[in-house]
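Engineer: sequence unknown, structure follows:
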């Protein structure tokens, strides 16, 4: 079955760039879209953005100026970069798979905790 | 874009039915059939339980059902079980091609 695994530094300094990668195993990366969702401790889910296997992207307007997503279909990976981070970016970051047309995330990674230090 | 509005908490006894509302605007819930619901037990990743307003993925019990009227979507859980205790989130696509989540609802099984 398809599995997603997030990887990246668990600690990032304020004002620097948060970089995460999601690896897709057990299935194709093509014909789906791939999203990042984050969740601060004790708070709700926040959609960060999505990237299609073709490379086209949509971002949350509130984060758009700081977010870049990319996809490497040959490695079956997609990535998130969030620059100029602050303590408010401390959260569990999830990657998730979306099916085109359904508007739903049917497969999620286990999540990775990222802490922004001052 | 603002988060969709959900009640912070709901509760019910085993065997009862509970409903969770998710209110948006004409830019999201009111104009989209791509409304989804997720279940998130503590310490785990969210799990899709409803997509496209009222469709269940394979393996999700038919005790879970979804509906929508106007700007409000609803998740109903019938025959409440202890294992249903979790946080529940709705989401909707927007007319701008983005996605917005609800603030989440904590379900307590009494």
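Structural biologist: Cool, the structure landed. Bear in mind the structure is a predicted one, so any value in this text is a computation, not a measurement.

Engineer: burial measure for the residue nearest to residue B:68 when sequence neighbours are not counted, as a count.
Structural biologist: Counting by CB to CB, 6 or more residues apart in numbering or on different chains, residue B:68 lies nearest to residue B:53, which is 4.8 Å off, once chain neighbours are set aside. To be clear about C-beta, it is placed using only N, CA and C from the backbone, and glycine gets the same treatment. Neighbour count of residue B:53, defined by other CB atoms under 10 Å in any protein chain shown: 19.

Engineer: which bits of chain A sit near chain B?
Structural biologist: A:35, A:37, A:44-47, A:50, A:58-62, A:94, A:102-106, A:108-111 (CB under 8 Å from any CB of the partner chain).

Engineer: are any of the residues you listed buried, and which?
Structural biologist: A:35, A:37, A:44-47, A:50, A:58-60, A:94, A:102-106, A:108-109, A:111 (16 or more other CB atoms under 10 Å in any protein chain shown).

Engineer: Looking at those residues, which are in helices?
Structural biologist: Using DSSP state H, no member of these falls within helices.

Engineer: Could I get the contacting residues of the residue in chain A that chain B sits nearest to?
Structural biologist: Across chain A, the shortest distance to chain B (CB to the nearest CB) belongs to residue A:103, at 2.7 Å. Residue A:103 is in contact with B:32, B:34, B:35, B:36, B:51, B:52, B:91, B:92, B:93, B:99, counting by CB atoms under 8 Å, 6 or more residues apart in numbering or on different chains.

Engineer: Find the pair from those with maximum spatial separation.
Structural biologist: Largest separation among the contacts of residue A:103 by CB to CB: B:52 and B:99, giving 13.7 Å.

Engineer: With neighbour numbers in mind, choose between those two.
Structural biologist: Legend: neighbour count by other CB under 10 Å for residue B:52 and residue B:99, higher for residue B:99 (26 against 16).

Engineer: Kindly state the beta-bridge partners for the closest residue to the more buried one other than its chain neighbours.
Structural biologist: Nearest non-adjacent residue to residue B:99, counting by CB to CB, 6+ apart: residue A:47, 4.5 Å away. Counting by DSSP bridges, residue A:47 is bridged to residue A:37.

Engineer: I appreciate the help and will end here.
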